[in-house]
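S.K.: When you get a sec, could you give me coordinates for this:
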Amino acid sequence: MLEKRILFVCVENAGRSQMAEGFFRKISPAEYQPISAGTNPTDIINPLAIEVMKEIGIDITKQKPKVLSDDMIRNSVKIVNMGCMDKESCPALFVNNVIEWNISDPKGKPIEQVRKIRDEVEAKVMELVAIL
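M.R.: Okay, here's the model as predicted:
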């Protein structure tokens, strides 16, 4: 059976979209495959994002920030935009038929706020899985 790809996009692919990929991989039906990417990805995942995910038993240390590509967009059954910091590199500008989550970027925020963002991402991923 062909897997159905769910694409989580943001600008840096270092926090929110990586957390979403981790949650989705843990709770999604087997025929779905998550991938995350960014319009301007960083070199590493936000260490606080890794830490807050580890706190709840999800390891995202093997995931890597990736550049959003036409192939990823074309081969995804659903595309989720995590939210935009700046309009110039906003993934929603490049993609049609996007689910918009508008979740705050954890970059530069204290761990308490990153935990809240993690919990918000988890709730949204659970809602998404429920409608698949």
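S.K.: any low-confidence regions in this structure?
M.R.: For the chain, applying pLDDT under 70 flags the ranges 1-2, 85-96.
S.K.: OK, contacts around the spatially most central residue of it?
M.R.: Closest to where the C-alpha atoms of the chain average out (C-alpha atoms, centre = their mean) is Ser17, at 1.7 Å. When contacts are counted by C-beta atoms under 8 Å, 6 or more residues apart in numbering, Ser17 touches Phe8, Val9, Cys10, Ser36, Ala37, Gly38, Met82. Placement of C-beta: from N, CA and C, glycine included.
S.K.: Which two of those have the greatest separation?
M.R.: Ala37 and Met82 (10.8 Å; C-beta to C-beta).
S.K.: shared neighbours, the two?
M.R.: Phe8, Val9, Ser17.
S.K.: is it possible to export those to TSV including distance to Gly57 and secondary structure?
M.R.: Shown next, in TSV, are those (distance: C-beta to C-beta, whole Å; DSSP: H, G, I helix; E, B strand; the rest coil):
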residue	distance to Gly57	secondary structure
Phe8	20	strand
Val9	25	strand
Ser17	20	helix
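S.K.: Ile35 belongs to a helix?
M.R.: No. Secondary structure assignment (DSSP: H, G, I helix; E, B strand; the rest coil) places Ile35 in strand, not in a helix.
S.K.: thought it was touching Phe24?
M.R.: No. Contact criterion C-beta atoms under 8 Å: Ile35 and Phe24 do not qualify, at 9.4 Å.
S.K.: Which neighbours do these two have in common?
M.R.: Ile6, Phe8.
S.K.: Which of those two has more residues huddled nearby?
M.R.: Phe24 (24 against 19; other C-beta atoms under 10 Å).
S.K.: In space, what's closest to that one - neighbours in sequence excluded?
M.R.: Nearest residue to Phe24, sequence neighbours excluded (C-beta to C-beta, 6 or more residues apart in numbering): Pro34, at 3.9 Å.
S.K.: Lys78 versus that neighbour, what's the distance?
M.R.: According to C-beta to C-beta, to the nearest Å, Pro34 and Lys78 sit 10 Å apart.
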